[in-house]
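Asker: Prediction below, plus the sequence it came from.
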Amino acid sequence: MKKSIALFMTAALLVMAQSTLLAQLRKVPAAVTEAFKKKYPGAEQVEWTDKVTVFMASFSEGGTSYEARFTSKGEWKNTENEIAVSDIPAAVKDGYQKSKFTEYEIQKAYKISVPGDKLEYRLHVKKSDLQQKNLLFSSDGRLLKDNITL
């Protein structure tokens, strides 16, 4: 039994390492870099990461760090930046307080700009080392998603 678990874990690690390696080998398409330059002409310290389904640009602008995601065709998906927990808008705090996750402590908060000039907020919350979630709220405080994190 222990042997099969060890074998499974080894195989899983090899698959993850291979997919990460392959993901880093693709070149960022020109359509993606052009779309990024058009959207963020003042971006500095730009670093690209291939996330298989999207290309992610980590950059700074105006002293703030951001992560922007684009499809391989250059379509902008979203941009996020970390904000202080104290900067979470009142409507989002209210939505969190009305959710079933109030026993969890907010660890980090992110503001996410999405197409259509909309804002969303992702709260990383933790109840214990094993009980952690990413909660996605609309700007009016509606809980849109809750994902388990590891």
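Answerer: Looks like it arrived, so ask away.
Asker: which other residues reach the helix or strand containing Tyr96?
Answerer: Secondary structure from DSSP states H and E places Tyr96 in helix 90-97. Residues from elsewhere that reach helix 90-97 (CB atoms under 8 Å, 6 or more residues apart in numbering): Ile88, Thr102, Ile106, Tyr121, Leu123, Leu135, Phe137, Ser139, Asp140, Gly141, Arg142, Leu143. For every residue, glycine as well, the C-beta is placed using N, CA and C.
Asker: Return the residues in contact with the last one.
Answerer: Right, Leu143. Leu143 neighbours (CB under 8 Å, 6+ apart): Gly95, Ser99, Leu135, Leu136, Phe137.
Asker: Of the residues you listed, which is the most crowded?
Answerer: Phe137 (27 neighbours; other CB atoms under 10 Å).
Asker: gap between it and Trp76?
Answerer: 21 Å (CB to CB, to the nearest Å).
Asker: hmm, back to that, select from the contacts of Leu143 every entry located in helices.
Answerer: Gly95 (DSSP state H).
Asker: give me the low-pLDDT residue ranges for the protein?
Answerer: Low-confidence segments of the chain (pLDDT under 70): 1-25, 150.
Asker: If we ignore the residues flanking it in sequence, what's nearest Lys39?
Answerer: Nearest non-adjacent residue to Lys39, counting by CB to CB, 6 or more residues apart in numbering: Trp76, 6.0 Å away.
Asker: Which residues are in contact with the residue positioned nearest the centre of the chain?
Answerer: Central residue of the chain (CA atoms, centre = their mean): Glu80, 7.1 Å from the mean position. The contact partners of Glu80, by CB under 8 Å, 6+ apart, come to Tyr66, Glu67, Tyr110, Lys111, Ile112, Ser113, Arg122.
Asker: ok, now with 7 Å
Answerer: Glu80 makes contact with Tyr66, Glu67, Tyr110, Lys111, Ile112 under the criterion CB atoms under 7 Å, 6 or more residues apart in numbering.
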